[in-house]
Structures are given as C-alpha cells and as structure tokens.
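Asks: generate coordinates for the sequence data below:
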Amino acid sequence: MNKLMKRILSITTTVIASVVLVSSIIFFTMPSVVIDLANYAERVAAGLELVEVQVNKHNWVYLDGGSGETIVFLHGFGMDKDSWGTLLKDFSTSYRIIAPDLPGFGESTRLMSENYNIPIQVQRLKTFLNTVGVSSFHLVGFSMGGGIAGYYASENPSQVKSLMLIGALGAASEESDYNRLLEETGENIFLTKNVEQFDKLMTYGFYQTPSSIPEPIKTFLVDKATADYNFFEKVGKELDQEIHILDKRLPKIHAKTLIIWGANDRMIHVSSAKIFEKGINDSHTVIIDKAGHMVYFEFPEKVSKTYRIFLKNLP
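Replies: Residues are numbered from 1 along each chain as shown. Predicted coordinates for the structure are as follows:
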C-alpha cells in the first residue's frame with residue numbers, strides 16, 4: 001500500500017472514530033437531540049412539515065403534508081403528533097395528513113387554568129380545523145384521541161367522511177387491569193416519576209414490553225413525564241369524569257367506522273369494542289390477537305393494511 005493510500009485510510013479511520021465518538025456523546029448527554037432528529041427524519045420520510053397557528057388561547061403545532069383527501073390524526077393521552085409510528089408515512093402518499101399536538105400536549109399551548117375535557121377539546125378542534133380550512137375529512141383517534149374523535153363525529157356528522165377508532169376512550173367496558181389498579185391502590189400509571197414506574201407503564205401499554213429503549217432515552221422520557229406530572233394529573237381527573245361519555249352518543253355517529261383493538265389491551269378492556277360496534281350503525285371491528293393498547297405500534301403493517309382496505313371500500 002503506498003503512502004497516499006495509507007494517509008487516506010488513516011484520515012478516514014480518524015473521521016469515522018470522531019463521528020462515532022460525537023454521536024455517542026450526543027446520545028448519552030443529549031437524548032432530546034436524538035429524539036428530535038428521529039422525529040425530523042420521520043417527518044421528512046412522510047413528506048410532512050411542522051406548522052403553527054394561533055387559535056384563540058392556544059398555539060397549535062401540527063404536521064401537515066401529502067395530497068388528496070384529508071385524514072386528521074388525534075393522539076392519545078401524554079402523547080403528541082409524532083407518536084404515530086409508521087401510520088403517517090403509510091398514508092401521506094395518497095392523502096393529505098394533519099396530525100396536531102392537541103392543546104395541552106406536545107408543543108401546543110398548555111394552560112393550567114383551562115379545562116381539557118373531551119367536549120371542550122372537540123370545540124377547540126373544530127375551530128382549529130376551520131382556521132386551517134379543513135371542512136371535510138377522515139378522522140382517526142387513538143385512546144383519548146379516540147374519545148375526542150368519536151365525540152366530534154357525533155357532533156359534526158356532515159364533516160366526518162369516515163372514522164377509525166383505535167382503543168378508544170369513552171364507552172363502557174369490563175374492568176381493565178388499569179382501572180382495577182387505580183381502584184384498588186389509587187395508582188395512576190400514567191403519572192410517572194421514576195424509571196420503575198415508566199417500565200410499569202410500558203407493561204400496561206404493550207402486550208410484549210419493548211426491551212430496546214436505551215436507558216438515556218428512557219431517563220429523558222421519565223424526566224419529561226415528571227415535569228408534566230401536575231398537568232397530567234389535572235387532565236386525568238377531567239377525563240375520569242367522562243369515562244363513558246360516548247355511550248349515549250354513539251347512535252349519532254353516521255360516518256362509516258373502523259374499530260381496532262388489541263385483544264390483550266390492559267388500559268381499556270377489549271369488551272369496549274363491542275359497545276362501539278353495537279352503538280355505531282355502520283361500523284366494523286377488527287380485534288388483533290397478542291396486542292395491547294399500543295396495537296398500531298405492535299402490528300403497524302396489519303393496522304395500515306386494514307385501514308387502507310377500509311378507506312378503499314368507502315362509498
């Protein structure tokens with residue numbers, strides 16, 4: 001090997017070592033940067049842009065992109081616009097995607113003096129969609145977002161072209177492991193202040209608990225949850241008063257509805273799916289075996305395929 005090649009190899013090796021070292025330092029000392037970069041990469045892959053708009057008291061931060069008919073995605077409690085795994089990317093090539101941080105969550109405005117129950121969030125959502133010029137759309141909601149989506153569809157049937165509810169809050173069900181724990185011990189596993197509580201939350205959210213979350217990322221998420229503790233405790237109490245808020249409203253939902261549930265959901269018992277199906281006239285339920293509350297994370301391809309077939313068969 002001549003001197004030039006040795007020199008190039010030496011420089012290349014040094015550069016690679018430096019990149020690895022810097023990446024390791026960032027990973028262990030600034031996990032928030034890692035998460036932000038990962039979210040940015042997902043947005044770029046999906047062709048989505050970060051947008052902000054002021055609507056009354058709240059600044060809404062949301063993802064917007066794609067083309068075609070609009071699908072609005074509403075995230076769950078303690079989650080945000082970037083919590084959809086591959087779902088947004090799977091549909092952004094065929095549809096316009098709007099995925100907001102609901103008021104109080106993510107980067108949108110949070111006010112301790114305001115109420116964030118389902119009816120009020122629905123009012124805010126309607127004003128937001130009107131502000132950004134969306135009047136007719138498909139609506140997807142997960143967990144708390146499912147409760148908001150269902151309530152919205154019952155209040156505004158002419159706007160909602162179709163509805164997908166994933167492990168949705170708001171209808172009666174058998175007692176879940178989460179509800180049983182809350183009643184017997186008063187422990188709300190959504191309120192975490194240490195790694196042990198975070199790990200417990202994961203066991204309730206997933207059928208197979210993720211084992212690949214690096215400790216620095218996990219610690220960062222725990223610190224963030226600790227900072228959010230008082231607000232989440234307040235909103236949790238507001239939502240607890242509405243646990244069956246959709247029971248009498250389901251017949252008012254006229255949109256064709258796809259209901260997806262994990263058979264092993266420990267947060268909201270799978271029996272709730274039957275209540276939704278019975279109450280919504282034009283609905284179809286898909287129960288996914290060996291899946292927990294986070295069913296679209298555990299079986300992303302199956303959920304995407306099921307939803308795509310559902311949309312394709314709309315009248």
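Asks: who touches the residue nearest the centre of the chain in this structure?
Replies: Central residue of the chain (Cα atoms, centre = their mean): His75, 3.2 Å from the mean position. Applying Cβ atoms under 8 Å, 6 or more residues apart in numbering to His75 gives the contacts Lys81, Ser83, Trp84, Ala99, Asp101, Leu102, Phe105, Gly106, Phe142, Met144, Gly145. Where C-beta positions appear, they are placed from N, C-alpha and C, glycine not excepted.
Asks: mind checking which of these are in helices?
Replies: Among the contacts of His75, the ones falling in helices (DSSP state H) are Met144, Gly145.
Asks: worst-scoring helix or strand of the chain, pLDDT-wise?
Replies: helix 3-29 (a mean of 40; mean pLDDT, DSSP states H and E).
Asks: and Glu52, what helix or strand is that in?
Replies: Using DSSP states H and E, Glu52 sits within strand 48-55.
Asks: average model confidence for that strand?
Replies: Average pLDDT, strand 48-55: 98.
Asks: could you list the buried residues of it?
Replies: By neighbour count on 16 or more other Cβ atoms under 10 Å, the buried set for strand 48-55 is Leu48, Val55.
Asks: thinking in terms of the whole chain, how far from its middle is the next helix or strand after that strand?
Replies: Counting by DSSP H and E, the element after strand 48-55 in chain order, helix or strand, is strand 58-66. The chain centre lies 14 Å from the centre of strand 58-66; the measure is Cα atoms, centre = their mean, to the nearest Å.
Asks: partner strands of strand 58-66, with direction?
Replies: Strand 58-66 pairs in its sheet with strand 48-55 (antiparallel), strand 96-100 (antiparallel), by DSSP bridges.
Asks: restrict the last one to CA atoms and write it as PDB.
Replies: Read it as strand 96-100. This file holds the C-alpha atoms of strand 96-100, laid out as PDB (Å, rounded to 0.1, in the frame of the first residue of the first chain):
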ATOM      1  CA  ARG A  96     -53.200  14.900   3.000                       C
ATOM      2  CA  ILE A  97     -52.200  14.300   6.600                       C
ATOM      3  CA  ILE A  98     -52.900  16.700   9.500                       C
ATOM      4  CA  ALA A  99     -51.600  15.500  12.900                       C
ATOM      5  CA  PRO A 100     -51.800  18.100  15.600                       C
END
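Asks: so Asp247 sits right up against Ala171, yeah?
Replies: Yes - using Cβ atoms under 8 Å, Asp247 is in contact with Ala171, at 5.7 Å.
Asks: compare those two and say which is more crowded by neighbours.
Replies: Using other Cβ atoms under 10 Å, the more surrounded residue of Asp247 and Ala171 is Ala171, with 28 against 13.
Asks: who wins for proximity to Arg124 among the strands paired with strand 58-66?
Replies: Among these, the nearest to Arg124 by Cβ to Cβ is strand 48-55 (7.1 Å).
Asks: tell me how far that closest one is from the chain's mean position?
Replies: 17 Å.
Asks: show the pLDDT at Asp240.
Replies: pLDDT, Asp240: 83.
Asks: can you give me the strands for the protein?
Replies: 48-55, 58-66, 70-74, 96-100, 137-142, 160-166, 256-262, 283-288 (DSSP state E).
Asks: for the second one, buried residues please.
Replies: This means strand 58-66. His58, Trp60, Val61, Tyr62, Leu63, Asp64, Gly65, Gly66.
Asks: ditto for the last one
Replies: For strand 283-288, a neighbour-count test (16+ other Cβ under 10 Å) marks Ser283, Thr285, Val286, Ile287, Ile288 as buried.
Asks: touching, the last one and Asn264? I think so.
Replies: So the one you mean is Ile288. No - contact criterion Cβ under 8 Å: Ile288 and Asn264 do not qualify, at 9.1 Å.
Asks: point out where the stretch 1-150 of the chain drops to low pLDDT.
Replies: 1-31 (pLDDT under 70).
Asks: please redo it, this time with the cut-off set to 80
Replies: The model of the stretch 1-150 of the chain has pLDDT under 80 over residues 1-34.
Asks: please look at Pro300 and Leu88 and confirm they touch.
Replies: No - Pro300 lies out of contact with Leu88 (Cβ under 8 Å); the separation is 11.1 Å.
Asks: dump the C-alpha coordinates for stretch 128-141 into CSV.
Replies: Provided in CSV are the C-alpha atoms of stretch 128-141 (Å, rounded to 0.1, in the frame of the first residue of the first chain):
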residue,chain,number,x,y,z
PHE,A,128,-58.7,24.8,14.6
LEU,A,129,-59.8,22.8,11.5
ASN,A,130,-62.0,25.7,10.4
THR,A,131,-58.9,28.0,10.8
VAL,A,132,-56.7,25.8,8.6
GLY,A,133,-59.5,25.5,6.0
VAL,A,134,-60.5,21.8,6.5
SER,A,135,-64.2,21.2,6.4
SER,A,136,-64.5,17.5,5.3
PHE,A,137,-62.1,14.8,6.3
HIS,A,138,-61.4,11.3,7.5
LEU,A,139,-60.8,11.1,11.3
VAL,A,140,-58.5,8.8,13.2
GLY,A,141,-58.3,8.8,17.0
